[in-house]
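I'll drop the sequence and a predicted model, then ask my questions.
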Amino acid sequence: MKFAAPFTLLALASVAIGAAMPQKSVIVSYPDSTPDSIVDQAMDAIKEAGGLITHEYKLIKGFAAKAPAKVLEQVQTWGNDYQAVIEEDQMVTTSS
């Protein structure tokens, strides 16, 4: 029982930190000529910042993610040389 208290506090702290860093749903895409290492670097940075890769695309070079805005700024800076595009993931509807 003595060991449960530190783990409980650690879990609560993790939840509090996660709640303090709002996450954005985005799609990150790159031109086909972009090295895979650049895309991997971006995905790794998002994961390390507490984000989540929600989908890796096969038809285009890119992925969808939920990530803190701060790390997305860093990913954009790395991708500037490769014309990376980071856009908000949103619902698209059509009307007839």
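Structure received.

and the helices in the chain?
Along the chain, counting by DSSP state H, helices occupy 4-20, 36-48, 69-79.

pick out the shakiest of these, pLDDT-wise.
Of all the helices of the chain, mean pLDDT reaches its minimum on helix 4-20 (a mean of 48).

do I have it right that residue 43 meets residue 62?
No. If you go by CB atoms under 8 Å, residue 43 and residue 62 don't touch, sitting 10.0 Å apart. Placement of C-beta: from N, CA and C, glycine included.

pretty sure residue 30 contacts residue 36?
No. Proximity of residue 30 to residue 36 does not meet the contact threshold set by CB under 8 Å, at 9.6 Å.

how many residues are close by the closest residue to residue 48 other than its chain neighbours?
Distance criterion CB to CB, 6 or more residues apart in numbering; nearest residue to residue 48, sequence neighbours excluded, is residue 71 at 7.9 Å. Neighbourhood size, residue 71 [other CB atoms under 10 Å]: 21.

list the residues that contact residue 71.
Residue 71 sits next to 45, 46, 48, 49, 51 when contact means CB atoms under 8 Å, 6 or more residues apart in numbering.

no further questions, thank you.
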